[in-house]
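Undergrad: Please find the sequence and the predicted model below.
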Amino acid sequence: MNARDSSGEISTGYARAVDALVIGAGFAGPYALHRLRLLGFTAHAIEAAPGVGGTWYWNRYPGARVDIESQDYSFSFSDELEAEWAWTERYAAQPELLRYAGHVADRFDLRRDISFETRVAAMRFGDDGRWVAEMNTGELVSARYVIAATGCLSVPKQVDIAGADSFAGVSVHTGRWPEDGLNLTGQRVGIIGTGSSGIQCITEVAKQAGKLSVFQRTANFSVPAHNAPLAPDQAEAWKADRHRHRQRARESHLGTSSLVRSERSALTTPPDERTAEFDRRWAQGGFQMSAAFNDIVSSPAANAHAVEFVAAKIRAVVSDPAVAEALVPKAYPFGTRRLCVDTGYYETFNRDNVTLVDVAADPIVAIEPDGVRTAAGFHPLDVLIHAVGFDAMTGALLAIDIEGADGVTLRNAWAAGPRSYLGLMVAGFPNLFTVTGPGSPSVFSNMILSIEQHVEWITACIDDLRRDGLDRIEPAVAAQDGWVDHVNAVADTTLLPLTDSWYTGSNIAGKPRVLMPYLAGVGVYRQVCADVVANGYRGFVITASAPTRRAAVVSAS
């Protein structure tokens, strides 16, 4: 992968040489391209899909919908963009989100700098201070900086059930749904998995299938979205006050303007008031339930009240007591796995064509050519849908063979779990930036807002380096170790580390068990990042690559 001649100049062996290579063109990649252009840098993006959108390109399953309110789940960097785009629903569905991604790409003329249907296979950091990336096409790209906008939920988990390859009907993963869709009318359909994708898919597939068998591996907590069309007057009122809404979101815990976290304790609130507050939050919908009291995710006793409330809601909706009881989560605290947001999920199990198979009580033995066999019997199927989740947060990066300084590979560096500084960079991998990486709020936040903050921080950093005649940056090991310890300490004040989930990587066999998101909140994290910059990029080592240029080492304390 060395395409330099003896003088050290870039040779014609490269497909292109740019200031910055961007990996991914979901939402983060295109925004990074836009920001880099504005700052006068050359940049190019690589995207595996045929189009922009990332998660919203691939996840086309019936019912796919965002679980953050649309107006919050959108870019805030352009007044003109915000003024011209009108969301149609409180929680936008996948087709609308994909149209939005395309609109952004076209409005800012970004597609000309994106190579679609291409993957980065390997990257090496050279002695000259540049990255060389090899595509799956064999082409080489040289870049001073790499911005990994690879997405947190972009690598579908492989199906690890015996006989999965033997199924003779239609077999599909929710994260790779066919672009032309599937005709499920009258079909015998099975869905394995009841996480967020499964829950959304189940409610819609049940309306089409002749018979739907839901194979529930782990019961999940789900709350109603109360989705509805977004009235024009509501949308205009929000836009008129958009700057206040946006600032409120930036200072919030989750990164949304509508979610107000209570300062009250569930334990000290009188029972009737506590139930009333839970009811009020349930009626509001979405993630409001998780913010009803300030100790739900930190106190087992407080959490038990939330579990009891949601269990009562499930039992009140589902007519068959045995099915209702199987749907009530009992193995982990409320909110410690990804809280699901639904549109009629529990009501679906009152339909005559829907059967719940509780895999905890009736394990799957094998997938066979014409259905799924469990310990208690056989379920004949025409279509099998795998809603089994993703290799979250680290899967896409580790799918690339990345070799940093001194020959260290990212796979080895993260063999015991991901380690980073601020979720932005990894020690030993100079000039490689990660957008919403492990150690940042990431998937525990409004992703669009976190993407904007990371992209703006990264591009401003690169611009600062250029201004100061410097071009190499990486975290000091001590700073990275301190940040990892801090992320873990914050996590340990909550109940989340006690629960196996994709937050901890526990859904992937052999993956190190590490709680990856930073849980102190978006507002706290933004201030930390701002303070790092204000203190001369505290914790980073910054130098000039060329030996003739002045080198400066910034304090790592």
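TA: Great, that's in hand.
Undergrad: For the rest of this, base every contact and every neighbour count on C-alpha atoms.
TA: Noted.
Undergrad: Pro380 contacts Thr374, doesn't it?
TA: No - with contacts counted by C-alpha atoms under 8 Å, Pro380 stays clear of Thr374, the gap being 11.2 Å.
Undergrad: So which of these two has more stuff around it?
TA: Taking neighbours as other C-alpha atoms under 10 Å, Pro380 and Thr374 compare with Thr374 leading, 19 against 16.
Undergrad: Give me the phi and psi angles of the nearest residue to the more buried one once chain neighbours are set aside.
TA: Once flanking residues are discounted, Thr374 sits nearest to Ile364: 4.2 Å by C-alpha to C-alpha, 6 or more residues apart in numbering. Dihedral angles phi and psi of Ile364 (degrees, to the nearest 10) take the values phi -70, psi 130.
Undergrad: Look at Ile364 and report its pLDDT.
TA: With respect to pLDDT, Ile364 scores 98.
Undergrad: Same check on Ala291?
TA: pLDDT, Ala291: 95.
Undergrad: Also the one 5 residues further on?
TA: Here the pLDDT value assigned to Ile296 is 97.
Undergrad: same check, this time on Ser11
TA: In the predicted model, Ser11 carries a pLDDT score of 42.
Undergrad: Tell me where the stretch 401-550 of the chain has helices.
TA: Using DSSP state H, counting those that start in this stretch, the helices assigned to the stretch 401-550 of the chain run over residues 410-413, 447-467, 477-491, 522-534.
Undergrad: Point out the most buried one among these.
TA: helix 447-467 (a mean of 20; mean count of other C-alpha atoms under 10 Å).
Undergrad: Could you list every helix and strand that it packs against?
TA: Helix 447-467 sits against helix 28-38, with contacts defined as 3 or more C-alpha pairs under 8 Å, 6 or more residues apart in numbering; DSSP states H and E.
Undergrad: Now do the helix it packs on against helix 447-467, angle only.
TA: Relative orientation of helix 28-38 with respect to helix 447-467: 30 degrees, computed using axes from the mean of the first three to the mean of the last three C-alpha atoms, to 10 degrees.
Undergrad: Skip ahead from helix 28-38 and say which helix or strand is next.
TA: Toward the C-terminal end, the helix or strand that comes next after helix 28-38 (DSSP states H and E) is strand 43-46.
Undergrad: what are the pairing partners of that next one, and which direction each?
TA: Sheet pairing of strand 43-46 (DSSP bridges) gives strand 16-23 (parallel), strand 114-115 (parallel).
Undergrad: Name the residues that touch that strand?
TA: The list of residues contacting strand 43-46 from outside it, by C-alpha atoms under 8 Å, 6 or more residues apart in numbering, reads 18-25, 29-30, 33, 36-37, 113-116, 118-120.
Undergrad: Which of those residues are buried? Put it as a ChimeraX command.
TA: The ChimeraX command for the buried members of the contacts of strand 43-46 (criterion: 16 or more other C-alpha atoms under 10 Å) is given here:
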select :18,19,20,21,22,23,24,25,29,30,33,36,113,114,115,116,118,119,120
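Undergrad: re the thing from before, I'd like the strands paired with strand 43-46 laid out as CSV, including distance to Ile296.
TA: Rendered in CSV, the data for the strands paired with strand 43-46 read as follows (distance: least, C-alpha to C-alpha, whole Å):
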stretch, distance to Ile296
strand 16-23, 38
strand 114-115, 44
